[in-house]
Each structure stands twice: as C-alpha cells, then as structure tokens.
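Trainee: build me a model:
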Amino acid sequence: ALYKMFSLKYSKSINTYSIKVVFFVLLLVLISPYIYQYVTSTIEMKSDESLNLRGDQVNVLIDNLSESQFTLLLGQGLGHTLKVITPLRDYTDSIYFEIQTLYILNQLGIFFFLCFIIYNILIMMLKWGWDNQEIYLAYFIYIVYAVTNPYIFDTNHVVIIIVLNSWVYIKKKRIEEGNRINSNTI
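Mentor: Numbers count the residues shown, from 1 in each chain. This is a model prediction of the structure:
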C-alpha cells in the first residue's frame, strides 16, 4: 500500500507525489516523540528485569546441573523442577525459564542434548541429500542461534525446517529446469 501511495507510476503528477511525501514526513515528525518514548520505556523496563532474571536463571540452572558429573552428563530427568529461592525469584516447581534451552539441557544432560542436535542434523542430511552445503550452513547457523534462545523447542523450528525444505525443493526444480533447457537445445 505504501509502495502504491508513493510510486510515481500510481501518482497522477509530480505535485501529487510531492504532497504525499511531505504529508508522510510531517506525520513521522509528529508521532516520533511518542514512538521514541514508548521504545525507550520498554527497553528500560526490560533491561531492568529481563537481563537480571536471565542471569539469575543461568546461575540457578548451572548450579543444579553441576551437582555431580552424572547429572551434568545425563541430566536431572524430564519434568525436573527446582527447589531454589533467590533474591529475584522463587523457582520452586517452576517449569518455565527464559533460558529454555538451558532448562532442557538441565533435564536431558549434555549427552542426550547432543544426541538431539545430532539427530536433527542427520535427519536433515538424509532428507536434503549431500550436495546442499549452503542449506546446511543456514541450518547450522540457525541451530547455533536457537540454542541460545528457546526457539529450537517451539514452532519456529518447524517454520525453519519448512523454509529450508522449500529452498531445497526450489533449488532442485531450478536444476531440473536448467537440465531440461540444456537437453532441448542440444
């Protein structure tokens, strides 16, 4: 809609285009203080709570995971809850942590967590074939990013798989089309 509004192709004349641009700039100038105030207050609020809370959760989960070498390797078990109270929060029976991946690592341990990651990568290699290095690189970058956020354990992971599968499909179709065109010209 904005493209059509500001495109010279859709404007009757340069004057109409200029009026639209001036109106849009004026509107941005008028609302920018409100946007700035909203953004700064939101960032300020989140930085006070979220970052401190995440640090607290990291400490609590790492302390719990490092109780012994056995729990570090094999985890505390699925559904494990903590009985910890810190100055920031009471974690007794909590099942949600902002650092969700670390909570899953706490439950599964390093061995089973790595098995999960390797399983995902192997399934993708078998599905996508062996000649899609750029897709593997994109998936690897996503895995590295997702491990630092809860995204690897929610629907975003499914969306990434769908997008990468589509990329593989489009790439195969382009190769097939190029081969068909080359065979028709010979």
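Trainee: can you check the pLDDT for Phe111?
Mentor: Here, the pLDDT recorded for Phe111 equals 92.
Trainee: actually Val21, sorry about that
Mentor: On the pLDDT scale, Val21 gets 75.
Trainee: any idea which element it lies in?
Mentor: helix 14-65 (DSSP states H and E).
Trainee: going on from that helix, what's the next piece of helix or strand?
Mentor: Assigned by DSSP H and E, the successor of helix 14-65 is helix 69-74.
Trainee: report the buried residues of stretch 74-81.
Mentor: Using 16 or more other C-beta atoms under 10 Å as the test for burial, stretch 74-81 gives 75-76. Every residue, glycine included, has its C-beta placed from N, CA and C.
Trainee: avg pLDDT for it?
Mentor: On average, stretch 74-81 scores 86.
Trainee: in which helix or strand would I find Phe116?
Mentor: helix 100-128.
Trainee: now that helix against helix 14-65, angle please.
Mentor: Helix 100-128 runs at 110 degrees relative to helix 14-65, counting by axes from the mean of the first three to the mean of the last three C-alpha atoms, to 10 degrees.
Trainee: related to what we said a few turns ago, other SSEs contacting the helix holding Val21?
Mentor: Applying 3 or more C-beta pairs under 8 Å, 6 or more residues apart in numbering; DSSP states H and E, one finds that helix 14-65 contacts helix 2-6, helix 69-74, helix 100-128.
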